[in-house]
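**Q** Predicted coordinates and the sequence they were generated for:
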Amino acid sequence: MVRGLLRPKPGIGRKGGLQSTSADSRLLSTAMRDTSGVLRSLQATTPMKFGVLNALPKEVSGTHDYTATNGAAPTNGAAPVDDGSLAGHESLEALLEKYLPEKELEQAIRVLHGYNQGKRVGTLPIDENVASTAAALDMDLKAYQFTAAEEEMREPRTVVMGLVQNSIDVPTTEPFKVQKQSLIDKIEKICDMAGESGVQILCLQEAWNMPFAFCTREKRWCEFAEDLETGASMLKIKELAKKWDMVIVTTILERDDVHSSTVWNTAVVVGHNGNVIGKHRKNHIPRVNDFNESTYYMEGNTGHPVFETKYAKIGVNICYGRHHTLNWMGFGLNGAEIVFNPSATVGELSEPMWAIEARNAAINNTYFVGAINRVGTETFENEFTSGDEKPAHHDFGHFYGSSYVASPDASRTPALARNKDGLMIVECDLNIIQQVRDRWGIQMTGRHDMYAKLLARYIQHDFEPQIIRDPQL
Ligand SMILES: NC(=O)NCCC(=O)O
C-alpha cells in the first residue's frame, strides 16, 4: 500500500497507507464519488486566508492594473475581484461545473482538457488526515491520475508528483527573518502533507521563500538569497526530502559566493536522501510590466540539465522560460520525463497564456509538465513604477495560482484554485511517453539538422532572412 493514496499501486516501493477515520470521511467519499476531476468537497468557501490582501493599510494597498482601460477602473464587470476569484469561482472548472449541465460539461471538459486513455483524467482518493489538514489551512487539495496503456513487455512505471502553490503569510513590512520563517513554516506543513500522501517528487513555486519583491527594484530584497547548502530554507528542504524519501525541487535566490556574491534565480533539485543533486539557473529573465527581475539577476549559465532522480528524470524550466519553445526543447533533448515550471505571474499579464504553454510543451516534447504559479496579492510599502506609463502603485497584481499538470497525450488536470494555497498530487504512468512517441513520432520527425543550420545562420550579425518576395509586388 502506498503511503497516503488509499489503494495499492504497482511499481512504487513505498510503505505506509493511512486510514480514513474522522468526520471528514463524508467529505472524502463525496470527493471520491465525484467524477468531474475536481474534489469539490475540499473547496472551502471561506475567503482567502493567506492572500495578504490586507497586508498593508488600505491607502497603501490599492490594486492597480487597469491596463485594458488605460488606467480607468473597468465598468464592465471585469474589475479585479478582491478575493482573487473568478467572479466568485475559485477556478474556471468550478465556474463551468456550476453552470453547465452534465452532458454539456462533459463535452466542454473533453475539448478543454482532453481525454487520458479515452476518458477524463481520473481523480485519486486523498488520505483523510491530509484532507483535514488542508481544510484547516483553507488550502485547495486535489489528486489526479494519468494512466497509460498496458504493455506486454514492460511493467507500468508510476510516479507520484506534487505541485505546491503558496501565498505569503505576513506583511512585506515585517522583518525579513519573520517573513522568511513564516514561509518556511508553511512549506514544512505542506511538504509533510505531500509526504503523507505518497508524493515522490515535489516541486515548489518560484521564489517561494520570499515575497515576489522584484517589482520594487529595491536591492534590500537580495538579503533573501541563500547559499545552496547552508541557507535556512535549503536546510529545511533537505531535512524534509530525507524525512519523506522525496525529491524536492526548490526555486530560490541563490547567493553564489564563489563568483563574487552574485545572485541567481535557481532551481535546486534535492534528492530523496536530502542531498543536493544539482541546480539549474533561470535561463530567461523577464523585462515586462512589473517583472523587474533583471535588476537582481542575470540569465542563467547552466544550460538545460536533466536530473536523474530515484523516481524519474526531471528538468526545471523556470517561469518566463515557458515562453521560449527551444528552452522547453532543451530539457526534452536531454531526456526529461517530467519538466516542472515553477512560476510567479499575474492575471492581467499572462492568464490567457497559462493554460496553453505548459500543455503545448508537453505535447511538443512528449513529456509531463507540472506548471506551478504563485498565489495571492502582495503589496509593498514604497510605490513603484515600471516605465509603462501606469500610475505608481504598491502591488504587483494578483498571482493567480491555477497550477496544473499536462500530459504528453494532450490531456491535463483541472487547475488548483486561483485564490488559495494549494497542493496537487498527481500519479502518472511514465510509460505513456514512449507510447505517445511511437504513435505520433513527433521527436522522430523533428528536423533538428535543419533547425540547427537555421539557428547557426540566425545568430550571425549579418544574417539574411530567407524571404521570397512576390516578384509582382
Ligand atoms: N517570474 C517571471 O519570470 N514572471 C514573468 C512573467 C511571465 O512570464 O508571465
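**A** The structure has been received and is ready for your questions. Being a predicted model, the structure only gives us computed values, none of them experimental. Residues are numbered from 1 along each chain as shown.

**Q** Any regions of this structure where pLDDT drops low?
**A** Applying pLDDT under 70 to the chain picks out residues 1-81.

**Q** what about the helices in it?
**A** In the chain, the segments counted as helices under DSSP state H are 24-33, 92-99, 102-113, 128-136, 176-196, 232-244, 325-333, 347-365, 431-440, 448-458.

**Q** Just the buried positions in the longest one, please.
**A** Think helix 176-196. 179-184, 186-191, 193-196 (16 or more other CB atoms under 10 Å). C-betas here are computed from N, CA, C, even on glycine.

**Q** pretty sure Ile237 contacts Val247?
**A** No: here Ile237 does not reach Val247: they are 10.6 Å apart, not a contact under CB atoms under 8 Å.

**Q** Need the residues touching each of these two.
**A** Counting by CB atoms under 8 Å, 6 or more residues apart in numbering, the shared contacts of Ile237 and Val247 are Val270.

**Q** who in this protein is up against the ligand?
**A** 206, 286, 291, 319-320, 343-345, 349-350 (CB under 6 Å from any ligand atom).

**Q** how many neighbours does Leu473 have?
**A** 4 (other CB atoms under 10 Å).

**Q** and it, what does it touch?
**A** Leu473 touches nothing, counting by CB under 8 Å, 6+ apart.

**Q** Please tell me how far it sits from Ile467.
**A** Per CB to CB, to the nearest Å, Leu473 is found 11 Å from Ile467.

**Q** Report the central residue of this protein.
**A** In the chain, the C-alpha nearest the mean C-alpha coordinate belongs to Ile372, at 0.7 Å (CA atoms, centre = their mean).

**Q** Hmm, Gly162 and that residue touching each other?
**A** No: the pair Ile372 and Gly162 does not pass the contact test of CB under 8 Å, sitting 9.8 Å apart.

**Q** Pull up the overlap in contacts between these two.
**A** Each of Cys203 lies in contact with both Ile372 and Gly162 under the rule CB under 8 Å, 6+ apart.

**Q** In the stretch 151-300 of the chain, which residue sits closest to the ligand?
**A** Pro286 (3.9 Å; CB to the nearest ligand atom).

**Q** quick revisit: now the two most distant members of the residues of the chain next to the ligand.
**A** Glu206 and Leu349 (14.5 Å; CB to CB).

**Q** So which of those two has more stuff around it?
**A** Between Glu206 and Leu349, counted using other CB under 10 Å, Glu206 has the larger neighbour count: 23 against 19.

**Q** give me the beta-bridge partners of the more buried one?
**A** With DSSP bridges as the criterion, Glu206 is bridged to Thr251.

**Q** what residues are up against it?
**A** 212, 251, 265, 318-319, 342-344, 372, 374.

**Q** Could you report the neighbour count for Ile468?
**A** Ile468: 5 neighbours (other CB under 10 Å).

**Q** separation between it and the ligand?
**A** 34 Å (CB to the nearest ligand atom, to the nearest Å).

**Q** ditto for Pro414
**A** 21 Å.

**Q** Near the residue lying closest to Asn265 once chain neighbours are set aside, how many other residues are there?
**A** With sequence-adjacent residues excluded and distances taken as CB to CB, 6 or more residues apart in numbering, Asn265 is closest to Lys282, at 4.0 Å. By other CB under 10 Å, 26 other residues sit near Lys282.

**Q** sorry, back to before: out of the buried residues of helix 176-196, who's nearest Ser261?
**A** Of all the buried residues of helix 176-196, Lys180 has the smallest distance to Ser261: 18.6 Å, by CB to CB.

**Q** Looks like that closest one contacts Ala232 (just checking).
**A** Yes: Lys180 sits in contact with Ala232 when judged by CB under 8 Å, with a separation of 6.6 Å.

**Q** Dig out what His146 forms beta bridges with.
**A** In this structure residue 146 is Phe, not His. Applying DSSP bridges to Phe146 gives these bridge partners: Cys428.

**Q** ok, it to Gln107 distance?
**A** Going from Phe146 to Gln107 by CB to CB gives 21 Å.

**Q** Just want to know which of these two has more residues nearby.
**A** Comparing Phe146 with Gln107 by other CB under 10 Å, the one with more neighbours is Phe146, at 25 against 10.
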